[in-house]
Every structure is written in structure tokens, then in C-alpha cells.
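Engineer: Quick check, what structure comes out for this input:
(chains A and B)
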Amino acid sequence: MAQHDQGLEGVAAGRQGHQGPPGAPIADGPTLATTPGDGRMGAHRSGQQPGQLVPERCDEARRAAQDLVVGHLQSVSQHRAHRRPPSGTYHRRDPDRRPESDGPYRPPAAWDVRACRGSGPGRPVPATYNRVMTDIRVRIAPSPTGPLHIGTARTALFNFLFARHVGGTFVLRLEDTDRARSSIAYEKEIVDGLHWLGLRWDEGPDIAGGPDRGAYGPYRQMQRLGLYKGAARRLLEADLAYPCYCTPAELDAERRRQETAHLQPRYSGRCAHLTPAERAAFEAEGRRPAIRFRIEAGPVAFDDLIRGRVEIDAANLGGDLVIVRADGTPLYHFTVVVDDAAMRISHVIRGEDHLSNTPKHILLFRALGQPVPLFAHLPLILNPDRTKMSKRKSQTAIGDYIAQGFIREGLDNYLALLGWSSGSEEEVLSLDELVERFDLAAVNRAGAIFDRERLEWLNGQWIRRLAPDELVERLGPFLEAERIAGRIDRVPSDVELRVLMPIVQERLPLLGAIGDLVGFLFVDELRYEPALLVPKRWDRATALAGLAAARAVIADVGRVSYEADELEPPLRRLAGERGWKAGDLFMAIRVALTGRTATPPLFDTMVALGHGRTLARLDRAVALLGDAA
RNA sequence: GCCCCCAUCGUCUAGAGGCCUAGGACGCCACCCUUUCAAGGUGGAGACCAGGGGUUCGAAUCCCCUUGGGGGCACCA
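Structural biologist: From the prediction side, this is the model:
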């Protein structure tokens, strides 16, 4: 019992109570609950569950954390004052829990109070997140079984924003126990992707395949096998888990039978009470056992930081849970708990798809005698049809967005706004600004459809905000790609490119659109439909005359100098003299020079093209129109 | 099937009982600017706050029910 109490205190009060060296965690700890009644279900019967955040516990936790941080609070700016009344005037909506007669409202610790939010109506959280150094630890734990998914990136971002906001530690852990599907190539893609997003972690592998950094390593699960083995053995010794000899085929058949009978799929518990003799018989058969964790019926509750109190009966968890495969490798629900405990993770911030799995994890934490972290389940990112975002229906790989020319600033900004809002009407926010304003309690509960239009807009906003030199640098790979694809004949130098920035920057929604925008400058020979040379109000003869006359004017201007300012007046004069609309003349010239009807401003384009090439393209257009006659 | 979560313009959202004849942004439409395209500016259409009951002097907001949507129920993560 004491272990659990200590554990709770440890979580709630910033884990002040945690003893022992990092990395010497649960497998050797004296903390393993030794009887089922103590470590697991017994508490339900007494009505007061150790290690569980019941409201009374929350208050305790809050008080403890208040004491811890109250000294720092005075110096901290109330940057959220615009959203919530300043301390002292704040009214809780639940009068039982915070009577007004309690005196002036004292802001609680940044995070512990959220554990209580489910216990009152509404969203009772005052949320003054203050920059108090704590040992708040969060992690992102991707599995290198595929490219970096947009949902993983968003979860990573939220963990990062939270950690940075509260001065906590952000950990990267690779969950690579699915050996069949994991690969170093995916590991690289994920690590690189997270780096690209600008999310820096304090602990974890820095480069794919590379060494770890941090006191709680290793940070790849396949290098932590001994830890899981030890934890599993202790669970077995305490009879909180048992060997299961059912084969996958048998289990499959069982599940099918249940489904046809309209029962909920659940493990029957066939191997739960085997005698030593029966086990020996299976072993003699050559069967290798998996290890199952006992799950007994009874409510398991937790206070989700985003959703409030969630209570699920363990009877609905599908029966005893396999934690170690027959081949000895551990399974996700087990490793995640063992590692979160060993790495002293204080807040588990993850997708809502894990909400129903959380009771399993809580039971495992308790069985291992470990403090239960706080949970925050983020709303899912959705396909347009409101199902969970998937590869089939949406573009999910961050790499694809990078390849199209979305930039880090735009993607971070967009992803942060998917499920969270700052509460102000400012929406274009840098990573630093996001960190400054981020608030877990302000995260939405409903899923959000991924809206590419909005992402593109935000991306354009950020491209416009980039320093021109920076934009030039980022454009490099995209121009190279254009060349490789044969859409341009040469890649311009940075100096050439830099000159173009004033006309390019505000016209670029994506870096990948650069070829479309100014590719005509870097091709040797333009290919276009000659009919395009004839503006709507003109006929072919007029176009021919217009281009020839313009050619003469431009040739003349170029003799002295060749500047945008000096090109426009004589060409307008020409149009006036001939009775043409200037726009029509300009359009004919535009197509002759670029092959397109939508381009950057014409005179800047002419300068960028250079005098000689401008004349040559005009000549060619005239020839083209002549031929067509 | 069982369990859990969710519900404000097409989309992302603001909203913390009276500041709401519901605000902002994307997208859409119109106009201004203008050599095209963008960008920018101005204006507009667009949400009886899923429906129904309560509580209250007063409900988008609190409670209940219904409906709808989603997620989870693996020797995947």
C-alpha cells in the first residue's frame, strides 16, 4: 500500500519521493506488489484505490504541488489572463470543491490540477501554466514500422509543446519490438522527420541507429529486453501473470466462435489455472508459452487531463492480456508500461485511440508497484469522412508533405492548431509562440478533420515570413528536383535566385511550386500553344504586329539600360499609339516570354530573363505566329 | 456485439450561465488595388449551437435521455 501512496505522491508532487538511480528501475526494485489483493483489485473492495486519482487524492496532490511551486508563482507572468480571470477572482464552477470562502484563489501547480478536472462539471481548470522547473517528463514513442505519420508528428508536437512550456523533459523512445515490421530505414525516416519539425528531445537516440543520450536509456526497446524479462518474471512469481499455452490458431478459433455467438471477444482463461502437471504436459508437447497478465473484473478509473474522469470496468478489457509472446518478445501494452515507469514518465500524452487501453496500463503499473502517470488523450486527426486518418484515405506521411514543399513552420503551426487553439484570434504562431501559449487543458475533445487547404494557407503565410536568403536555401532541393524531372534545363545559382525573391515569395504556397512559378527562366526552349499568344480581344494579325512592335521598343530600351521601370512607359505608349489595351499587349508579351498566362509581374520577368533572351523569345513568338498563317 | 469517447458555419475553432440578434480563421462570392497571377484591403453568404426534456429570472454553456459520429476490444503499435 505504502508503495502506491508514495507512487502517487511521486507523480503528483513532481516525483519528489522518487529514490534510486535512474535506470535501476522496476525489475530489481522492492516495489513489486506481492499479492493480488494488495497490488491490484483489492482496493476496489475497500473503495479507496491506491495509486488512483480519486478526487480526494487530487486535492492532496494539488496541495502538495502548490507547496512545491507557490514560491515561484509570483514572478510568473499571467499570460493567459485574457482567457481566464486573474487569480483571486476566479470562480470555480464546483462550489463543493472550492468554496469561495476559501479565500483568494491561489493558482495551483501547472499540471497536477488537471488530474481533477473530471471530477467537477465542465472544464474547471484555471490553467495558469507557469514556467516552474519540475521533473515533468513526457515522451513520444513511435514505432519504426512505417514512415512518420502525421498523427505521430502531432502527438510528438503536443508532447514537445507541453514539455517546453512547463520546463519538463521530452524523451524519444523507439518501440521496435515488432521485429517483423520494424526497420532502420523507418527509424531514420522518423528521427529525421521529428528533427525536421524542429522538435528537439532531451533524451533518446539522436540519429537513426546512433547512440542514445540521457540517463534512462537505452531508448530502443529491443535493447531493453532484459528489463521486460525481469518484470515479467516478477509478475509470474507473484502469480499476477501466468504462462499460456494456447496457440494463435486456437485463440483465433475461440475468437471467431465468440463473434458468431455475438459475444464480446475475450480470452477464456483456459490456461489461467493450470496445474504444474498440465503445464509440464504442454511443455512436453513442445509448446512454448506466452505470458498472460491476469485481469480481474472491477472498475478502473483515471482522470484524463483532457477528458476528465473515465471509468472502465476491467471486465470489458478482453480478458487476461498477453504481455510476452511465445518467442519471448514483449508486447506493446507491457513494454509501454515498463518503460514509462522506468523512464519516470509523468504525463502520458497520446492519441485517443489509446483511451480504452489505458485501464490495462493502469493495472500493469499497479501490479508492478509503480506510480501511475497522468494521462492526456488527444483527439484524433480524421479523414474527410470523419474516420481515423489513414493512409488509404489521406496523405499521412510527413515525408510526402516535406517533398511537396510544406515548410516546418507551416506544418508545426497547422498541427498545433489541430485540436488546440490559443484562445486568442492570432493563428499564425511560431514554435516559440506555440510553446509560450500551449495549454493541455485547452485541447479539444472532438476529433478534427485534416484540412489541407488551411495547411496550405498557413504554409504560404510562413513562406512569406521567411528571410529571403533562407527561402533561397530551402528552394535549392526543389529546383534540383525540377531539373531531374526534366522540367528545367539548369538550376539557377543562389545569387540568381535571390534576385527573384521579391517577386516569388508572396506567390509561393509551397516550395514545390517554384518550378511552376519561374521555371520558364531556366529552360532553353519554351514549349507552348501558339494560340496562347493571341489575347482574347485580339486576332492573330494584331498579335503579330503587337509582338513585333514591342520587340523593337524593347530592343531600343535595352540599348541604354534594362530596368523594369524603364520598360513599362514606352510599352504603354506603344499600346496607346496603336489603340491597343495595354493589358492585351502585355499578355501577348507575357506568353511569348514565359509560355503561360499567369506569371510574376511582366517587367520584372523581362529583367530576370535578360535582354538577349527576351528579344530571342519575342522573335520566336513572331515566327511561330507567322508560321501559323 | 460489448465498452469508452465525442457533438458550435463545408472545415479548424472562440465560447467557462446574462457581455451571443454566436466571434475569428480557411475555403467560397463580390468589390478595391492591378499588365496576368498572387499578396493585401473592404464587404457578403454561411451555425434556429445534433434533437428532446429538465435546472434557472435567464442555457451554446449545467443535468438527463435520444440520435448521430468516432475509437477500442490481437502472441500490431
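Engineer: and the stretch 251-400 of chain A, which residues reach RNA strand B?
Structural biologist: Applying C-beta under 7 Å from any atom of the strand, we find that the stretch 251-400 of chain A lies next to RNA strand B at A:251, A:255, A:262-267, A:290, A:307-308, A:310-313, A:316-318, A:322, A:325-327, A:329, A:331-333, A:352-357, A:379-380, A:382, A:385-388. Any C-beta I mention is one placed from the backbone N, CA and C, and that applies to glycine too.
Engineer: again, 6 Å this time
Structural biologist: Contact residues (C-beta under 6 Å from any atom of the strand) of the stretch 251-400 of chain A with RNA strand B: A:251, A:262, A:264-266, A:290, A:307, A:310, A:312, A:316, A:318, A:322, A:325-326, A:331-332, A:352-353, A:355-357, A:380, A:386-388.
Engineer: can you tell if stretch A:534-542 touches RNA strand B?
Structural biologist: No: applying C-beta under 6 Å from any atom of the strand, one finds stretch A:534-542 separated from RNA strand B by no less than 9.4 Å.
Engineer: how about that stretch: buried residues?
Structural biologist: Using 16 or more other C-beta atoms under 10 Å as the test for burial, stretch A:534-542 gives A:534, A:535, A:538, A:542.
Engineer: re earlier: sort out for me which of the residues of the stretch 251-400 of chain A next to RNA strand B are in helices.
Structural biologist: A:251, A:332 (DSSP state H).
Engineer: Which ChimeraX command selects the buried ones in the residues of the stretch 251-400 of chain A next to RNA strand B?
Structural biologist: Buried residues among those (16+ other C-beta under 10 Å), as a ChimeraX selection:
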select /A:251,266,290,307,310,312,322,326,331,352,355,357,380
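Engineer: tell me what the lengthiest helix in chain A is packed against?
Structural biologist: Of all segments of type helix in chain A, defined using DSSP H, the longest is helix A:540-560. Counting contacts by 3 or more C-beta pairs under 8 Å, 6 or more residues apart in numbering; DSSP states H and E, helix A:540-560 is packed against helix A:564-578, helix A:582-594, helix A:611-628.
Engineer: Let me know which of the ones you listed is tucked in deepest.
Structural biologist: Neighbour counts averaged per stretch over the helices and strands packed on helix A:540-560 are highest for helix A:582-594, at a mean of 22; criterion: mean count of other C-beta atoms under 10 Å.
Engineer: That one: what's the following helix or strand?
Structural biologist: Moving toward the C-terminus from helix A:582-594, the next helix or strand (DSSP states H and E) is helix A:602-609.
Engineer: CA atoms only: put that next one into CSV for me.
Structural biologist: The C-alpha atoms that make up helix A:602-609 are tabulated as CSV, following Å, rounded to 0.1, in the frame of the first residue of the first chain:
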residue,chain,number,x,y,z
LEU,A,602,5.9,41.2,-66.6
PHE,A,603,8.6,43.8,-66.4
ASP,A,604,10.4,42.1,-63.6
THR,A,605,10.1,38.9,-65.6
MET,A,606,11.7,40.6,-68.6
VAL,A,607,14.6,41.8,-66.5
ALA,A,608,15.1,38.4,-64.9
LEU,A,609,15.1,36.9,-68.4
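Engineer: all helices of the stretch 401-550 of chain A, in order?
Structural biologist: Secondary structure of the stretch 401-550 of chain A, counting by DSSP state H, counting those that start in this stretch: helices at A:408-416, A:431-437, A:452-465, A:468-484, A:494-504, A:514-518, A:540-560.
Engineer: will you turn those into TSV that also has mean pLDDT and distance to residue A:158?
Structural biologist: Output for the helices of the stretch 401-550 of chain A, formatted as TSV (pLDDT from 0 to 100; distance: least, C-beta to C-beta, whole Å):
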stretch	mean pLDDT	distance to residue A:158
helix A:408-416	98	8
helix A:431-437	96	10
helix A:452-465	97	17
helix A:468-484	97	25
helix A:494-504	96	34
helix A:514-518	96	32
helix A:540-560	93	56
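Engineer: What is the burial count for residue A:213?
Structural biologist: Counted with other C-beta atoms under 10 Å, residues neighbouring residue A:213 total 14.
Engineer: Quick check: phi and psi on it?
Structural biologist: Main-chain dihedrals, residue A:213, degrees, to the nearest 10: phi -130, psi 130.
Engineer: Quick check: the gap between it and RNA strand B.
Structural biologist: Residue A:213 sits 21 Å away from RNA strand B, going by C-beta to the nearest atom of the strand, to the nearest Å.
Engineer: for that residue, which residues make a bridge with it?
Structural biologist: In this entry, residue A:213 is beta-bridged to residue A:204, by DSSP bridges.
Engineer: where's it relative to residue A:415, distance?
Structural biologist: As judged by C-beta to C-beta, to the nearest Å, residue A:213 and residue A:415 stand 25 Å apart.
Engineer: Now do the same for the closest residue to residue A:316 other than its chain neighbours: its pLDDT.
Structural biologist: Nearest non-adjacent residue to residue A:316, counting by C-beta to C-beta, 6 or more residues apart in numbering: residue A:264, 7.3 Å away. Residue A:264 is assigned a predicted lDDT (pLDDT) of 78.
Engineer: so residue A:264 touches residue A:315, yeah?
Structural biologist: No: look at residue A:264 against residue A:315 with C-beta atoms under 8 Å: they stay out of range, at 9.5 Å.
Engineer: Low-confidence ranges, chain A, go.
Structural biologist: Regions of chain A meeting the criterion pLDDT under 70 cover residues A:1-134, A:628-629.
Engineer: for it, what spans make up the strands?
Structural biologist: With strands called from DSSP state E, chain A shows them at A:137-140, A:169-172, A:204-205, A:212-213, A:241-244, A:290-293, A:299-304, A:308-313, A:321-324, A:347-351, A:374-378, A:381-382, A:448-449.
Engineer: now for the ones you listed, which one comes closest to residue A:182?
Structural biologist: Of all these, it is strand A:204-205 that lies closest to residue A:182, at 13.4 Å by C-beta to C-beta.
Engineer: contacts for the closest one?
Structural biologist: With contact meaning C-beta atoms under 8 Å, 6 or more residues apart in numbering, strand A:204-205 is reached by A:171-174, A:187, A:191, A:211-214, A:217, A:219-220.
Engineer: ok, now stretch A:391-407?
Structural biologist: In this structure, residues lying in contact with stretch A:391-407 by C-beta under 8 Å, 6+ apart are A:146-151, A:153, A:189, A:193, A:196-197, A:383-385, A:387, A:389-390, A:411, A:450, A:452, A:455, A:459, A:462-463, A:466, A:474, A:478, A:510-514.
Engineer: okay, how far is it across that stretch, tip to tip?
Structural biologist: In terms of C-alpha to C-alpha, to the nearest Å, the two terminal residues of stretch A:391-407 are separated by 21 Å.
Engineer: buried set for it?
Structural biologist: Within stretch A:391-407, the residues scored as buried using 16+ other C-beta under 10 Å are A:394, A:396, A:397, A:398, A:399, A:401, A:402, A:404, A:405, A:406, A:407.
Engineer: What distance do you get for the last one to residue A:464?
Structural biologist: Between residue A:407 and residue A:464 the distance, using C-beta to C-beta, works out to 11 Å.
Engineer: Equivalent analysis for the third one, please.
Structural biologist: Separation of residue A:397 from residue A:464 (C-beta to C-beta): 26 Å.
Engineer: same question, residue A:334
Structural biologist: Distance, residue A:334 to residue A:464, using C-beta to C-beta: 49 Å.
Engineer: The two: who's more crowded?
Structural biologist: Set side by side, residue A:334 and residue A:464 show more neighbours around residue A:334, with 25 against 14, by other C-beta under 10 Å.
Engineer: Just to check, that one is in contact with residue A:364?
Structural biologist: Yes: between residue A:334 and residue A:364 there is a contact at 6.7 Å, judged by C-beta under 8 Å.
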